[in-house]
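Participant: Fold the stuff below for me.
(4 chains)
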There are 2 protein chains.
Amino acid sequence: MGNYDVQKEVTDKYSLRGRVFNRIREDILSGKFKRGEELKETAIASELGVSRTPVREALRQLELEGLVNIIPNKGAYVMGITSKDVKDIYQIRSLLEGLCARWAASLVTDEQLDELEEIIYLSEFHAEKEHFDQVLELDNKFHELMYNISGSQILEHVLSDFHHYVQRVRKITMATKSRALKSNEEHKQIVEALKLKDADKAEALANQHMMNTIKNLSNYAIDDILGQGSESGN
Amino acid sequence: MGNYDVQKEVTDKYSLRGRVFNRIREDILSGKFKRGEELKETAIASELGVSRTPVREALRQLELEGLVNIIPNKGAYVMGITSKDVKDIYQIRSLLEGLCARWAASLVTDEQLDELEEIIYLSEFHAEKEHFDQVLELDNKFHELMYNISGSQILEHVLSDFHHYVQRVRKITMATKSRALKSNEEHKQIVEALKLKDADKAEALANQHMMNTIKNLSNYAIDDILGQGSESGN
DNA sequence: CTTGGTATCATTGTATACAATGATACCAAG
DNA sequence: CTTGGTATCATTGTATACAATGATACCAAG
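Facilitator: Got it, this is the predicted structure:
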């Protein structure tokens, strides 16, 4: 019974296919594979020391995620995401993070509130010390936990995807002490609203949290982060 | 260049894998494969007259879509969607269809307005005649076109997925003349707002369109539509 | 009859073979 | 030099072979 009701974050990490999938995905999101680049099955397979089969399966999955474009009988090409995509994602997230916070307000348990506060507390510590990797990691945790608390697998799934998609951008924007602290402060306010079970306020704050992020984004040349502008010869 | 910037709706329809993928997906969404059912590679392969390879690739893709749960070394199980998922999707769509209409308001061209009006006009005709298959088809077209007009690949992608996910439910709810006409009327109002380039109004109306659908949903036993409770032999 | 262990079988995971397709290099004709 | 065609090669698409894993049936011990 019910062994099918656990939505897995991403593919199984222990099979070859799972490892190949995660590896290629990371390489796209981190920018190692450039937009438009062709991904040859044999090349990737030999590089990772596996056969073409797991590579093919991984590429097919990435196609569905929109990170890869497969032209039949021709090849697989990196799609990556554009700066427009990033902006759109933050707009969409603004609405959905709001909905998430709204739902979470009526479902959150005391234990979960504790967990959220612990994350915030730790994040503050690391932000002060400028341990930006940990800050990013804790930001992930905060949002993933919020998604989980919302009680909606669908919402969790879509928000989790979007959150992951913009990781490269977040990696940059979270790497300044001021923004890290500000972001953390915003998280804290959201949790306060959850404590009061104030759904309207929680929604508005989560909403605003994303809008602030968008505002902050305008300080950066997103195209450069994504490696769009200049082109290497090909 | 730029041959990689066309986001494909779903996998290529002409390869074996594409056909297998679409077939299994339809069978899950239409309810032929029941929730929790095990999908054996060899059985599906021989049924469709292909080898295991395309079946495996299709199952891996469906896993990523959340329609199938794969337990490594064990098997693939149908996840389907629950009635809670359906409700969540409509809530999410309410927000995102609103955003979509807002963006569309500033981008829509005269040709696109014509297209939208043609769809509505045809839909009215078929609704009057109670040709519900055509009504559903035109509803698909209307929304897909709206998604496209929004100018956001990301938004188009996610809304298109959600829209497709609830097709089985829509198939039922759109099959009454009154709701079909009402829905069409709502579409008409949205288009009027687009004509006036009134983004606020378009958003509010699209928003409301989904909320009305949710209200309408409560007249149905969604669990039955999804085949959760009782079993129909077929 | 119940429990626990082993052999057997079904099924998935991965690698590889072969077919089909598309890209490229080369050559001949003008 | 340019154009068009063909042979060759690289790459993907699909099927299949074999290994690894998990499920099941059966049997022996108590």
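
Participant: tally of neighbours for A:N73?
Facilitator: For A:N73, the count of nearby residues is 8 (other Cβ atoms under 10 Å in any protein chain shown). Every residue, glycine included, has its C-beta placed from N, CA and C.

Participant: next one: phi and psi at it?
Facilitator: Phi and psi for A:N73, reported as degrees, to the nearest 10, are phi 70, psi 0.

Participant: separation between it and A:I225?
Facilitator: A:N73 is 34 Å from A:I225, where distance means Cβ to Cβ, to the nearest Å.

Participant: swap in A:V86?
Facilitator: From A:V86 to A:I225 the distance is 9 Å (Cβ to Cβ).

Participant: The two: who's more crowded?
Facilitator: Between A:V86 and A:I225, counted using other Cβ under 10 Å, the more crowded position is A:V86 (22 against 17).

Participant: my guess is that one meets A:Y220, correct?
Facilitator: No. Assessed by Cβ atoms under 8 Å, A:V86 is found out of contact with A:Y220, at 10.1 Å.

Participant: tell me, what's touching these two both at once?
Facilitator: With contacts defined as Cβ atoms under 8 Å, 6 or more residues apart in numbering or on different chains, the residues shared by A:V86 and A:Y220 are A:V169.

Participant: what does the domain assignment say about chain A?
Facilitator: Per automatic domain parsing, the structural domains of chain A span A:16-78, A:83-223.

Participant: Worst mean pLDDT among the ones you listed?
Facilitator: Per-stretch mean pLDDT for the domains of chain A is lowest at domain A:16-78 (a mean of 92).

Participant: mind putting the domains of chain A in CSV, distance to DNA strand D included?
Facilitator: Shown next, in CSV, are the domains of chain A (distance: least, Cβ to the nearest atom of the strand, whole Å):
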stretch, distance to DNA strand D
domain A:16-78, 4
domain A:83-223, 24
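
Participant: Same list, those, but as TSV with distance to B:V191 please.
Facilitator: Shown next, in TSV, are those (distance: least, Cβ to Cβ, whole Å):
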stretch	distance to B:V191
domain A:16-78	29
domain A:83-223	22
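
Participant: and the gap between A:L145 and DNA strand C?
Facilitator: As judged by Cβ to the nearest atom of the strand, to the nearest Å, A:L145 and DNA strand C stand 29 Å apart.

Participant: For that residue, the count of nearby residues, please.
Facilitator: The number of residues near A:L145, taken as other Cβ under 10 Å, comes to 16.

Participant: And A:N22, by the same measure?
Facilitator: By other Cβ under 10 Å, neighbour count at A:N22 equals 15.

Participant: May I have the phi/psi pair for it?
Facilitator: Dihedral angles (degrees, to the nearest 10) for A:N22: phi -60, psi -40.

Participant: Also the one 10 residues further on?
Facilitator: The phi and psi torsions at A:K32 (degrees, to the nearest 10) take the values phi -70, psi -40.

Participant: How much space separates it from chain B?
Facilitator: Separation of A:K32 from chain B (Cβ to the nearest Cβ, to the nearest Å): 17 Å.

Participant: Longest helix of chain A, counting residues only.
Facilitator: When chain A is scanned for its longest helix (criterion: DSSP state H), the result is helix A:83-107.

Participant: Give me the helices and strands touching the following helix or strand past it, please.
Facilitator: Toward the C-terminus, helix A:83-107 is succeeded by helix A:110-128 as the next helix or strand (DSSP states H and E). Judged by 3 or more Cβ pairs under 8 Å, 6 or more residues apart in numbering or on different chains; DSSP states H and E, the packing partners of helix A:110-128 are helix A:132-149, helix A:177-195.
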